[in-house]
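Novice: A structural model of the following input is requested.
(2 chains)
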Amino acid sequence: MITHIKNARLLCPANGWDETGSLLIEDGQIAAIGKVSGTADETIDAGGLCLAPGLIDLRVKTGEPGAEQKETLATASRAAVAGGVTSMVVMPDTNPVIDDVALVQFITNRGKETSQVRIYPAGALTKGLNGEAMAEIGLMADSGAVLFTNGDRPIADTSVLRRTMAYAASCGALVSSRADDHALAKGGVMNSGALAARMGLSGLPREAEWLGLSRDLLLAEATKCALLIDQVSTARSIDIVKEARARGLKAWVSVAAHHLFFNDLDVGDYLTYCKVNPPFRSEDDRQALIEALAAGEIDAVVSAHDPQPPEEKRLPFAEASFGAAGLETVLSALLALVQDERLSMLDALMPVTASPASIIGLPQGQLVEGAPADLVLFDPEKPWLCVREQLRSRSLNSPFDGRRMVGRVMRTIIAGETVFERKD
Amino acid sequence: MAIPGYSYEFNHTHLLSIEDLSRLDIDHILDLAEEFAEATRAGKRPEPHLKNMTVINLFFENSTRTMSSFEIAAKRLGADVIAMPVAQSSVKKGETLIDTAMTLNAMAPDAIVIRHSASGGVKLLSRKVDCAVINAGDGTHQHPTQGLLDTLTIRRAKGRIEGLKVTICGDILHSRVARSTTMALHLLGAEVTLCGPATLMPSGADSWGAARALNDFDAAIKDADVVMMLRLQLERMNGAYLPSQREYFRNFGLTADRLKLAAPDATVMHPGPMNRGIEIESAIADGERSVITEQVEMGVAVREAVLKLLSGRRA
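Specialist: Now for the predicted structure:
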């Protein structure tokens, strides 16, 4: 099977490519790029639209196993392809927790059986995410877990974290940790500050993120552990990371796409769809994250997809669950910044393609001969209205509900096969 | 307050927060409340404005005082009042707040008075019902009728609000009363000073309309026309908020000596229930400057006014 995509704006952040041309797919791999010749079984005229590597999302939660009413790998995959996401790392915060080899294999196998996108399991750092006993990091790494994390329950006990990092380093495993000081953040539900005080809501202080971040970076340095900092949300966090990097530490940092779009004012009238952790911060923080992204200081933009059904969200703000569905809106959130001329197109795509691919060592994420033909074809200027009922996730808790978006995925290809095509 | 050539209409369906009200709205409610208060003092029953109407008191948090105040206000106006304390409701059986709201709504009441322990909880409920909703306190967010009754009490004691120096002292962080009262007084032109220990003073408290937020009570009380003390929840002592009752009383308790720093005719207030000897000296609470019992009286009057304005309105 040979597919020829012609008349496309080819975008490859890995080698700085942005030019019009053709791309040839053969046997699920990219066979040729630029000016191609020869006969094809199928020819797709891209009509000048953008053709980029499919998105690689390093942070997705589903409800499988244990909470399939929220989301399964199959339903998440439906949302993913509609958002141009072709590979995703799924978090271990499930029931049971993904903390042993059999469960890692279960996720891998279920992914192959039921999901269109490529599924990569993340393993738990501690058994049952209890923050106490180390999980079988080495065995899980050998079975295909691409990174290790305590997910939404960052390890509170610093000595447990230190030992876990040291052990992970010896296995060559990547650790991902959300920066958090457990005691300081306890009970908080939105960004600390004047708005939280006015609304009578307890705050998640920025200081908790800075303390956790400093701790995690210092321990990574001491243990020589490869660290991916999960979802920073404040301006100063960027400075803390920069300072650590200046000392020579190799650490990657991710930002959730919704933090590039919303600030704490969006919580407005106790909107629980805007209840996420880390919380939406101030406008200054949002601007700083965008600037850091433009400066290449952010290694990955993630969806932080966290499906929550109505019964978890239709509650008073303090009682509602954290989390936002995000798989279908990552690319549009980034393209809005391109449209506003805050980011170049390649800078917007880098943290969702080549950069996350290199963090977890995947061959996809770039337009090169021999790479898997995971591709997204999108119209960078097409406007659309995000209506949650039209989203494909099983849970519809999107903070983007009702927002005007720009940039739409028109076709998604995985291993050379079209898995999604927008008809409207 | 009629101004020739202008018409005014109270056009709210619910009373959820002082933030939703304009200065004219507040004046209107207070004027009406004052009429009710005078009528009661004169031994007259008001017109049965709420005859054949049903008011539900839905209290998810225990409260004898506020619930009774609303009940008396509604009954004086001729309403049928159903009390639904949480202990007897199905919320304990796992029914969600929204399900409770929809169930009660189906019974077609004319007004629901709600107290809930979560900030924003009353607003959430109000979205799911067709009738008027009156917030009787939601978490640490708002307690609008308390803000209104405090304002009315001050207006009666001082004859005005504009230009008064009002000092509110205590646990500002956890106080919905401080939020509502500060906003109402600010809207009417008072200069509000908030005071409390640093651990119980939220960031950005000055954005509620307070002129300043201080940790020094002696500085905060200086020349105050009104001093309002807040109740200190005794459980704050167990946490790391405060070291002891006696240290709190020394720094933030209202004593006769400290009251001398305020204006000579300063009025003393407390939303109740009081911890005598912790935030306020008994002699002051019972003294001639105290209008604490009048606050309770105005509470009923304000609730009569609010119920008259809102009952029967449809969302």
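Novice: show me where chain B has its strands.
Specialist: With strands called from DSSP state E, chain B shows them at B:54-59, B:80-85, B:111-116, B:132-138, B:165-169, B:191-195, B:212-214, B:226-229, B:267-269.
Novice: could you export those strands as JSON lines, including mean neighbour count and mean pLDDT?
Specialist: No exception for glycine: its C-beta is placed from N, CA and C like everyone else's. Below are the strands of chain B laid out as JSON lines (neighbours: other Cβ atoms under 10 Å in any protein chain shown; pLDDT from 0 to 100):
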{"stretch": "strand B:54-59", "mean neighbour count": "23", "mean pLDDT": "94"}
{"stretch": "strand B:80-85", "mean neighbour count": "17", "mean pLDDT": "88"}
{"stretch": "strand B:111-116", "mean neighbour count": "28", "mean pLDDT": "95"}
{"stretch": "strand B:132-138", "mean neighbour count": "27", "mean pLDDT": "97"}
{"stretch": "strand B:165-169", "mean neighbour count": "26", "mean pLDDT": "98"}
{"stretch": "strand B:191-195", "mean neighbour count": "25", "mean pLDDT": "97"}
{"stretch": "strand B:212-214", "mean neighbour count": "18", "mean pLDDT": "95"}
{"stretch": "strand B:226-229", "mean neighbour count": "27", "mean pLDDT": "98"}
{"stretch": "strand B:267-269", "mean neighbour count": "23", "mean pLDDT": "98"}
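Novice: can you list the weak-confidence ranges in chain B?
Specialist: Counting by pLDDT under 70, chain B contains low-confidence ranges at B:1-3, B:87-95, B:238.
Novice: how about the residues of it near chain A?
Specialist: B:96-98, B:116, B:118-121, B:123-124, B:138-142, B:173, B:176, B:179, B:202-205, B:207-208 (Cβ under 8 Å from any Cβ of the partner chain).
Novice: buried ones among these?
Specialist: Taking 16 or more other Cβ atoms under 10 Å in any protein chain shown as the criterion, what is buried in the residues of chain B next to chain A is B:97-98, B:116, B:118-121, B:123-124, B:138-142, B:173, B:176, B:179, B:202-203, B:205, B:208.
Novice: one step back: out of the strands of chain B, which gets nearest to residue B:13?
Specialist: Taking Cβ to Cβ, strand B:132-138 is the member of those nearest to residue B:13, at 5.9 Å.
Novice: nearest to chain B: which residue in the stretch 151-300 of chain A?
Specialist: Closest to chain B within the stretch 151-300 of chain A is residue A:194: 2.4 Å, counting by Cβ to the nearest Cβ.
Novice: correct me, but that residue touches residue B:207?
Specialist: Yes - at 4.7 Å, residue A:194 counts as touching residue B:207 under the criterion of Cβ atoms under 8 Å.
Novice: report the contact partners of residue A:65.
Specialist: Neighbouring residues of residue A:65 by Cβ atoms under 8 Å, 6 or more residues apart in numbering or on different chains: A:94, A:95, A:96, A:103, A:106.
Novice: for it, helix, strand, or coil?
Specialist: Three-state call for residue A:65 (DSSP: H, G, I helix; E, B strand; the rest coil): coil.
Novice: now it: how far from chain B?
Specialist: Counting by Cβ to the nearest Cβ, to the nearest Å, the gap from residue A:65 to chain B is 24 Å.
Novice: quick one: pLDDT of that residue?
Specialist: On the pLDDT scale, residue A:65 is placed at 96.
Novice: and if you look at residue A:175?
Specialist: Per-residue pLDDT puts residue A:175 at 98.
Novice: in CSV, list the C-alpha atoms belonging to the strand or helix carrying it.
Specialist: Per DSSP states H and E, residue A:175 falls inside strand A:174-178. In CSV, the C-alpha atoms belonging to strand A:174-178 read as follows (Å, rounded to 0.1, in the frame of the first residue of the first chain):
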residue,chain,number,x,y,z
LEU,A,174,12.5,8.2,33.5
VAL,A,175,10.7,9.7,36.5
SER,A,176,7.9,12.2,36.2
SER,A,177,6.7,14.2,39.1
ARG,A,178,4.2,17.0,39.6
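Novice: strand partners (parallel or antiparallel) of that strand?
Specialist: If you go by DSSP bridges, strand A:174-178 pairs up with strand A:147-149 (parallel), strand A:226-230 (parallel).
Novice: residue B:152 contacts residue B:298, doesn't it?
Specialist: Yes - with contact defined as Cβ under 8 Å, residue B:152 counts as touching residue B:298 (4.7 Å).
Novice: burial measure for the nearest residue to residue A:114 once chain neighbours are set aside, as a count.
Specialist: Computed as Cβ to Cβ, 6 or more residues apart in numbering or on different chains, the closest residue to residue A:114 that is not its neighbour in sequence is residue A:74, at 4.1 Å. By the criterion of other Cβ atoms under 10 Å in any protein chain shown, residue A:74 has 17 neighbours.
Novice: make sure residue A:74 is indeed in a strand.
Specialist: No - under three-state DSSP, residue A:74 falls outside any strand and is assigned helix.
Novice: identify each buried residue in stretch B:277-284, please.
Specialist: B:278, B:279, B:280, B:281, B:284.
Novice: kindly check the end-to-end length of that stretch for me.
Specialist: End-to-end distance of stretch B:277-284 (Cα to Cα, to the nearest Å): 10 Å.
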